[in-house]
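J.: Next come a sequence and a model predicted from it.
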Amino acid sequence: MSKSPQIPYTPPVFSEEDALSIAQWELYTARSRRSIREFAATPVPCGLIEAALRIACTAPSGANRQPWRFVVITDPETKHRLRLAAEEEEREFYEHRATPEWLEALAPIGTDWQKPFLDTAPYLIVVFRVNSEPDGDGFKKNYYVPESVGIAVGFLISALNHFGLCTLTHTPAPMGFLNEICGRPTNEKPFVVLPVGYPVEDYTVPDLPRKPFEEMVLWK
Ligand SMILES: Cc1cc2nc3c(=O)[nH]c(=O)nc-3n(C[C@H](O)[C@H](O)[C@H](O)COP(=O)(O)O)c2cc1C
């Protein structure tokens, strides 16, 4: 039995026709999402970023610990510091650390160590996973942290896409430098960097196949 007081819960109710029509729209929106690596200088309304982050913060989480922290960067100097630090790691990765197999997997995507989008995207959202939190004199452990943060980031990416914004799931490795740049303590571990904005004009993306639905989804 729950130890919390109970409150009424009323989920939104739709007719079957409305639900199917919403489903079609959602599917269309999801299919239109692509990762973007060249951002226009077009300003992004701050309200959209805030709404997307509020949606991300509603995600379910292990033991309801909400073990995420989002740091929103717009300051050009901070973005540039982040770019330089990320490029240093990425250069090392592409030139030394990456296995030939990994580079082969990345080849169709066409990425390299250079990350100009970290300067040009109007917003950088740096996501941290909070492994443990200050609690009295010590720390209390959080549970299912990567799973919870991954779900929250999924909510965030989906919300941004719904608002007509584009992003990239960027994971410079290792990402330890993000703690210093974002001023976050060591109990928070960098999870992902999401540059957010609109693509440059006439932008193209690699024609990447998605696996057949039937291979990914099994009905029993
Ligand atoms: C966990 C994760 C890490 C990723 N890291 C990078 C990255 O560091 N740099 C990059 O350019 N793309 C990165 N991507 C983006 C993928 O390359 C991209 O999602 C994939 O190629 C499919 O393309 P789409 O997002 O346009 O559908 C990452 C995606 C995920 C989910």
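T.: Looks like it arrived, so ask away.

J.: can you list the residues of the chain near the ligand?
T.: Within the chain, the residues that sit near the ligand (Cβ under 6 Å from any ligand atom) are 34, 35, 37, 109, 111, 168, 169, 170, 171, 205, 208. C-beta coordinates here come from the backbone N, C-alpha and C atoms, glycine included.

J.: partners of the second one in the sheet?
T.: In other words, residue 35. Counting by DSSP bridges, residue 35 forms beta bridges with residue 167.

J.: Farthest-apart pair in the residues of the chain next to the ligand, please.
T.: Taking Cβ to Cβ, the two most distant members of the residues of the chain next to the ligand are 171 and 205; they sit 18.5 Å apart.

J.: and stretch 101-110, what's its mean pLDDT?
T.: Taken as a whole, stretch 101-110 carries a mean pLDDT of 97.

J.: Closest to the centroid, which residue in this protein?
T.: residue 153 (4.3 Å; Cα atoms, centre = their mean).

J.: need the contact list for it.
T.: Listed by Cβ atoms under 8 Å, 6 or more residues apart in numbering, the contact set of residue 153 reads 56, 127, 169, 191, 192, 194.

J.: repeat for residue 106
T.: Per Cβ under 8 Å, 6+ apart, neighbours of residue 106: residue 98.

J.: now do the one 4 residues further on
T.: The contact partners of residue 110, taken as Cβ under 8 Å, 6+ apart, are residue 206.

J.: Repeat that for residue 98.
T.: Counting by Cβ under 8 Å, 6+ apart, residue 98 makes contact with residue 106.

J.: how much space between it and the ligand?
T.: 11 Å (Cβ to the nearest ligand atom, to the nearest Å).

J.: next one: residue 9
T.: Per Cβ to the nearest ligand atom, residue 9 is found 32 Å from the ligand.

J.: does the residue nearest to the centre of the chain sit in a helix, a strand or a coil?
T.: Taken by DSSP: H, G, I helix; E, B strand; the rest coil, the conformation at residue 153 corresponds to helix.

J.: Helices of the protein, start to end?
T.: Assigned by DSSP state H, the helices in the chain fall at 16-31, 46-56, 76-92, 100-106, 117-120, 145-162, 177-182, 213-216.

J.: Tell me the gap between the third one and the middle of its chain.
T.: On the basis of Cα atoms, centre = their mean, to the nearest Å, helix 76-92 sits 18 Å off its chain's mean C-alpha point.

J.: For it, give the mean pLDDT please.
T.: For helix 76-92, the per-residue pLDDT averages 98.

J.: So which bits of it are buried?
T.: Neighbour-count burial for helix 76-92 flags 78, 79, 81, 82, 83, 85, 86, 87, 89, 90 (criterion: 16 or more other Cβ atoms under 10 Å).

J.: and it, what other elements does it pack with?
T.: Applying 3 or more Cβ pairs under 8 Å, 6 or more residues apart in numbering; DSSP states H and E, we find helix 76-92 packed against helix 117-120, strand 123-130, helix 177-182.

J.: Just say which of the ones you listed is most tucked in.
T.: Each of the helices and strands packed on helix 76-92 was scored by mean neighbour count; the highest is strand 123-130, a mean of 22, by mean count of other Cβ atoms under 10 Å.
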